[in-house]
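[1] Return a 3D structure for these sequence lines:
(one chain, ligands or ions: 1)
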Amino acid sequence: MNRQQPRFRNKRGVVGVIFREQKLLVIRRSLTVPAPGKLCLPGGTIEKGETEEFALVREMQEELAIDVSPIRLCWRSVTPWGTTLAWWLASLAEDKTPVANPAEVSEVHWMTRSQIRSTSNMLPSLPEFLGASQSGEIELDVAF
Ligand SMILES: Nc1nc2c([nH]c(=O)n2[C@H]2C[C@H](O)[C@@H](COP(=O)(O)OP(=O)(O)OP(=O)(O)O)O2)c(=O)[nH]1
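    Sure thing, here's the model as predicted:
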């Protein structure tokens with residue numbers, strides 16, 4: 001048979017790393033999306049043809065109704081299910097308040113490292129991110 005193998009392409013995601021007063025913007029996923037109720041950072045799938053920065057800005061708008069400015073990529077990781085994630089530092093104007101889009105997000109919090117550590121039910125990438133930033137593998141622009 002002369003049929004081409006379908007080309008396997010892993011899903012790609014982008015994650016927003018956004019600080020305010022040395023606290024990290026964290027969300028809890030809604031009950032109607034994959035990984036319902038898990039704590040994680042805001043983000044989502046990079047659509048075909050999008051740059052990472054464009055997907056970042058779009059996802060922050062969709063999930064939290066905020067306009068963020070991408071600063072720089074700070075980490076790349078791969079989930080246990082094969083999604084590659086681009087973690088982008090981004091800034092948010094001080095007078096802007098994230099508002100959860102309930103279709104995707106059930107809670108929004110600004111959290112310290114220890115507050116996140118003492119919370120349960122999170123995506124595995126979140127403690128991995130904390131560990132990598134603590135070990136110096138990830139360089140952040142704030143004390144966290
Ligand atoms: N948003 C987000 N996704 C994460 C994190 N860690 C992690 O492994 N993921 C995974 C879960 C999904 O497999 C993938 C994309 O996230 P998602 O579930 O929010 O996006 P989605 O596919 O529903 O796409 P979309 O509708 O939001 O565009 O990345 C994280 O901290 N934040």
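[2] Helix or strand: which one has the residue in the chain positioned nearest to the ligand?
    In the chain, the residue found nearest to the ligand is G44; the distance is 2.7 Å by CB to the nearest ligand atom. To be clear about C-beta, it is placed using only N, CA and C from the backbone, and glycine gets the same treatment. Counting by DSSP states H and E, the element that carries G44 is strand 43-45.
[3] swap in G13?
    Assigned by DSSP H and E, G13 falls in strand 12-20.
[4] Can you name the element that comes right after that strand?
    That would be, after strand 12-20 and using DSSP H and E, strand 23-29.
[5] That following strand pairs with which strands, parallel or anti?
    When pairs are called by DSSP bridges, strand 23-29 turns out to pair with strand 12-20 (antiparallel), strand 39-40 (antiparallel), strand 105-111 (antiparallel).
[6] Would you reformat the ones you listed as TSV and include mean pLDDT, mean neighbour count and distance to M60?
    TSV is the format used below for the strands paired with strand 23-29 (pLDDT from 0 to 100; neighbours: other CB atoms under 10 Å; distance: least, CB to CB, whole Å):
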stretch	mean pLDDT	mean neighbour count	distance to M60
strand 12-20	98	22	5
strand 39-40	98	18	14
strand 105-111	98	16	11
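[7] Fine, thanks again, bye for now.
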